[in-house]
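Trainee: Next input, structure requested:
(2 chains)
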Amino acid sequence: MGDILLEIKGLHASVEGKEILKGVDLTLRRGEVHAVMGPNGAGKSTLSAVLAGRPNYKVTAGSVIYDGRDLLALSPEERSWAGIFLSFQYPIEIPGVSITSFMKSAVQARRRAAGLPELSAAEFLKLLKEKMALVGMKGEFAKREVNVGFSGGEKKRAEIFQMAMLDPTFAILDETDSGLDVDALRTVADGVNALRSPEKSAIVITHYQRLLEYIVPDVVHVLKDGRIVETGGREIVDRIEKEGYESFNG
Amino acid sequence: MDRLYIIGKDPVPQRIVLSKPGESLSLTLAVLPGVSCELAMQIDLDAEGCSVDLAGLYVCKGDENVRLDVNLRHNVPGCKSRQLFKGVVGGSARAEFDGLVYVARDAQQTEAYQENHSLLLSPEAVCETHPQLEIYADDVKCSHGATTGYLNPDELFYMRSRGIPEEEARRLQIISFLSPVVARHSELSEIELW
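Mentor: Next up is the predicted model:
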């Protein structure tokens, strides 16, 4: 088992004055994939937003240590440079900006932050093609405006493509399965699984067990009313499947 | 063919009259950073079946004062006009857009659309928009829309979460906002607007 990558302790967070997270504790080690499951309104998306540094999500108590650093003190871009990636539940459309130029800005900024020279145009293009192939995206996709006119499945696939481009140490997949048919789900899962390694970790947020048939988690947490009420293995997924979330009480 | 006018560089006609049936006019006005101007333009549609496609952008970063006044007149039946103006106003700049669409009593089957959207980038920046429809015919399709807003925080967060620094994310958002007008001319897409 790897060393600890992420340690969340007693995390409380509120949005517009309403407390959503009410004391979350979670420890993620290198190489592990955790699933966070829970009913609607449990705070799953708030947890992912807080970890990625979304403004307007106020942390009122608790701490998050990531790779030995105080995560909550970092800006969203610094978190990205530190290897964190959030796959959005609702990816944002950016008209007039192509996927290529969007990714170029992101990749080069991250290289500058790491003290690495920027990629040449040829190197960048090679990386782009390689990662597009990994998630089964056609070449012409690179020219399209970010998420504009994409179907639900295309948006999620594009998120996984961005993830592959940025090669994160810690990925958060927020409801990446919502709105996907089985084929798209499998492609997305294959993309995620291809990035698994002993150094990399992920939190997969979902309220269905379906995605977890393809991305098999090491640890499963149940989040309910802003708290983690149960932590265990794969058997929890089966229990949710059979009994729903009703049987889990904090 | 669309014609590009860069204000301060290209002389802009103050009055254009479309007098041949079926004639069409397409032009783009660009007010680039650092340019203050007061521009008034009148376009008359005087022959049936004419069409006008008019677009413009204004980008102010400092203390510019930009005023655009467009008076588009549907004087005869069966003409179409479309206008799209997009402005980015920062610093302590001031921008004003006055757009009148006039449809004469017998200019039936007119189609006229006008949009003006502005992005305010600083608390000191001011923008005013005065869209006006003056319609005397009863069988027409006309609409106008005007918005003034700020950079979308969700877009900003999305870009920053990908490691794009805040300043560059803002620049990309501005490019995104202006893109429908910029896309009309390769010359515009080569200019560093922000």
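Trainee: any chance you could map the helices in chain B?
Mentor: For chain B, helices defined by DSSP state H occupy the ranges B:153-161, B:166-182, B:186-189.
Trainee: cool, and chain A?
Mentor: A:44-52, A:76-81, A:99-113, A:121-134, A:152-166, A:182-194, A:210-214, A:235-243.
Trainee: which stretches of chain A have low pLDDT?
Mentor: For chain A, the stretches with pLDDT under 70 are A:1, A:250.
Trainee: can you list the residues of it near chain B?
Mentor: Contact residues (CB under 8 Å from any CB of the partner chain) of chain A with chain B: A:52-56, A:75-77, A:79-81, A:85-86, A:88, A:91-92, A:94-97, A:101-102, A:105-106, A:109-110, A:113, A:162, A:166. C-beta coordinates here come from the backbone N, C-alpha and C atoms, glycine included.
Trainee: Residue in chain B with the shortest distance to chain A?
Mentor: residue B:179 (2.4 Å; CB to the nearest CB).
Trainee: about what we covered before: among the residues of chain A next to chain B, the buried ones, what's the PyMOL command?
Mentor: Buried residues within the residues of chain A next to chain B, by 16 or more other CB atoms under 10 Å in any protein chain shown, are selected in PyMOL with:
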select buried, chain A and resi 52+53+54+76+77+79+80+81+85+86+88+91+92+94+95+96+97+101+102+105+106+109+110+162+166
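Trainee: Quick check: chain neighbours aside, which residue is closest to the one residue in chain A that gets nearest to chain B?
Mentor: As assessed by CB to the nearest CB, chain B sits closest to residue A:96 within chain A, at 2.4 Å. Spatial nearest neighbour of residue A:96, excluding adjacent residues (CB to CB, 6 or more residues apart in numbering or on different chains): residue B:179 at 2.4 Å.
Trainee: The one you found and residue A:98 touch, don't they?
Mentor: No: at 10.2 Å, residue B:179 does not count as touching residue A:98 under the criterion of CB atoms under 8 Å.
Trainee: more neighbours, these two?
Mentor: residue B:179 (19 against 16; other CB atoms under 10 Å in any protein chain shown).
Trainee: Now residue A:10: closest residue in space that isn't a chain neighbour?
Mentor: Per CB to CB, 6+ apart, closest to residue A:10 is residue A:62, 3.9 Å.
Trainee: that older thread, list the residues that contact the residue of chain A closest to chain B.
Mentor: Neighbouring residues of residue A:96 by CB atoms under 8 Å, 6 or more residues apart in numbering or on different chains: A:145, B:175-180, B:182-183.
Trainee: run the last query once more with 10 Å
Mentor: Residue A:96 makes contacts with A:145-146, A:148, B:172-183, B:189, as judged by CB atoms under 10 Å, 6 or more residues apart in numbering or on different chains.
Trainee: buried subset of these?
Mentor: Neighbour counting over those (16+ other CB under 10 Å) leaves A:145-146, B:172-182 as the buried ones.
Trainee: Quick one: the residues you listed as a markdown table, columns for distance to residue A:198 too.
Mentor: Shown next, in a markdown table, are the buried ones among the contacts of residue A:96 (distance: CB to CB, whole Å):
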| residue | distance to residue A:198 |
| --- | --- |
| A:145 | 37 |
| A:146 | 32 |
| B:172 | 35 |
| B:173 | 38 |
| B:174 | 42 |
| B:175 | 40 |
| B:176 | 39 |
| B:177 | 44 |
| B:178 | 46 |
| B:179 | 43 |
| B:180 | 47 |
| B:181 | 50 |
| B:182 | 46 |
